[in-house]
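J.: predicted coordinates and the sequence they were generated for:
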Amino acid sequence: MPALTVLVVLYETWFLDLEHKNPVKLTSESLRLYRVSRGQKDRALKVLEKYGAITVARTLRKNPMVTLNWPLPFMEHGRPSRLRHAR
């Protein structure tokens, strides 16, 4: 289940960023609450990358930059659209 947890944390990190930047920096600190270790994080990223949900840019001794590959629910042309609330 670490892969699903990592995916949820990635989506949460993206959602909470005011500019909705993609790619997202995935830190071990963001996964600490869910008790996901560094090794589990690496294995989960490989699984999600193989599945095609994400693309990972890795650099030595740095946190990976993860690009979310699916069309997100309220995105238009790569930018957040204005949410229309039902009245």
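T.: It's in. Remember, predicted model here, so these are calculated numbers, not experimental data.

J.: drop to CA atoms for contacts and neighbour counts, all remaining ones
T.: Fine.

J.: who are the contact partners of the residue nearest the centre of the chain?
T.: Geometric centre of the chain, nearest residue: Leu10, 2.4 Å, by CA atoms, centre = their mean. Leu10 is in contact with 24, 26, counting by CA atoms under 8 Å, 6 or more residues apart in numbering.

J.: how about the helices in the chain?
T.: Remark: helices assigned in the chain by DSSP state H are 2-16, 28-32, 38-51.

J.: now those helices in JSON lines, with distance to Trp70 and mean pLDDT?
T.: Listed next are the helices of the chain as JSON lines, based on distance: least, CA to CA, whole Å; pLDDT from 0 to 100:
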{"stretch": "helix 2-16", "distance to Trp70": "11", "mean pLDDT": "92"}
{"stretch": "helix 28-32", "distance to Trp70": "21", "mean pLDDT": "93"}
{"stretch": "helix 38-51", "distance to Trp70": "11", "mean pLDDT": "92"}
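
J.: who's in contact with Asn69?
T.: Contact partners of Asn69, counting by CA under 8 Å, 6+ apart, are 52-55.

J.: swap in Lys41?
T.: With CA under 8 Å, 6+ apart, Lys41 has these contacts: 2-3, 6, 28.

J.: among the residues you listed, name the buried ones.
T.: Buried members of the contacts of Lys41, counted by 16 or more other CA atoms under 10 Å: 2-3, 6.

J.: re the thing from before, now, the most widely separated pair of the contacts of Lys41?
T.: Within the contacts of Lys41, two members stand farthest from each other by CA to CA: Ala3 and Ser28, at 13.7 Å.

J.: before we move on, the earlier item: for Met65, state which of the buried ones among the contacts of Lys41 is nearest.
T.: Closest approach to Met65 among the buried ones among the contacts of Lys41 (CA to CA): Val6, at 13.0 Å.

J.: isn't that closest one up against Ser30?
T.: No. If you go by CA atoms under 8 Å, Val6 and Ser30 don't touch, sitting 9.3 Å apart.
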